[in-house]
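Peer 1: here are the coordinates; sequence isn't available:
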């Protein structure tokens with residue numbers, strides 16, 4: 001009895017691990033599909049080759065990671081300020097916000113300068129608006145799919 005129960009628990013754990021790993025690989029696959037779709041749009045709309053499209057996407061990914069980190073740190077610092085506006089170290093917290101905002105501007109400038117090494121100013125401008133539109137369409141589609149799932153679940 002104990003042996004069969006132990007085997008049952010082990011098999012359930014193995015199945016759970018497989019289900020979660022499949023979800024992760026599906027998520028990675030979907031992310032790759034979106035990236036490839038964006039690369040195709042870049043190639044078409046900016047009239048660039050695959051190498052340049054790959055380079056642009058990698059630049060966007062690196063920049064997004066840096067900016068996300070800075071925004072998170074700024075947000076946490078503001079929360080700290082808001083939670084205790086009478087703190088003795090308020091001056092240093094405010095200085096930190098200013099420094100992080102400067103880093104944010106510097107990161108944007110660094111990103112723009114990097115893009116200038118392989119794109120024209122016109123291509124850079126088009127890429128900014130194309131990325132914004134792509135993200136907006138993606139968000140809209142995700143919201144629509146989320147609403148469908150919610151309606152099905154009710």
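Peer 2: Cool, got the structure. Please read these numbers as outputs of a predicted model, since none were measured by experiment.

Peer 1: continuing past the helix or strand of the chain with the lowest mean pLDDT, what's the next helix or strand?
Peer 2: Least confident helix or strand of the chain, by mean pLDDT, DSSP states H and E, is helix 2-46 with a mean of 76. Past helix 2-46, heading to the C-terminal end, the next element that is a helix or strand (DSSP states H and E) is helix 50-83.

Peer 1: what's that next one packed up against?
Peer 2: helix 2-46, helix 90-116 (3 or more Cβ pairs under 8 Å, 6 or more residues apart in numbering; DSSP states H and E). Just so you know, the C-beta spots here come from the backbone N, C-alpha and C atoms, and that holds for glycine as well.

Peer 1: could you pull out the buried residues of the last one?
Peer 2: Residues of helix 90-116 classed as buried by neighbour count (16 or more other Cβ atoms under 10 Å): 96, 100, 103, 104, 107, 111, 115.

Peer 1: close enough to count as contact, residue 124 and residue 113?
Peer 2: No: assessed by Cβ atoms under 8 Å, residue 124 is found out of contact with residue 113, at 10.4 Å.

Peer 1: so which residue is dead centre in this protein?
Peer 2: Most central in the chain under Cα atoms, centre = their mean is residue 64, positioned 6.3 Å from the mean C-alpha point.

Peer 1: separation between it and residue 104?
Peer 2: As judged by Cβ to Cβ, to the nearest Å, residue 64 and residue 104 stand 13 Å apart.

Peer 1: hmm, who's touching stretch 124-140?
Peer 2: 34, 38, 41, 42, 45, 46, 56, 60, 112, 115, 116, 119 (Cβ atoms under 8 Å, 6 or more residues apart in numbering).
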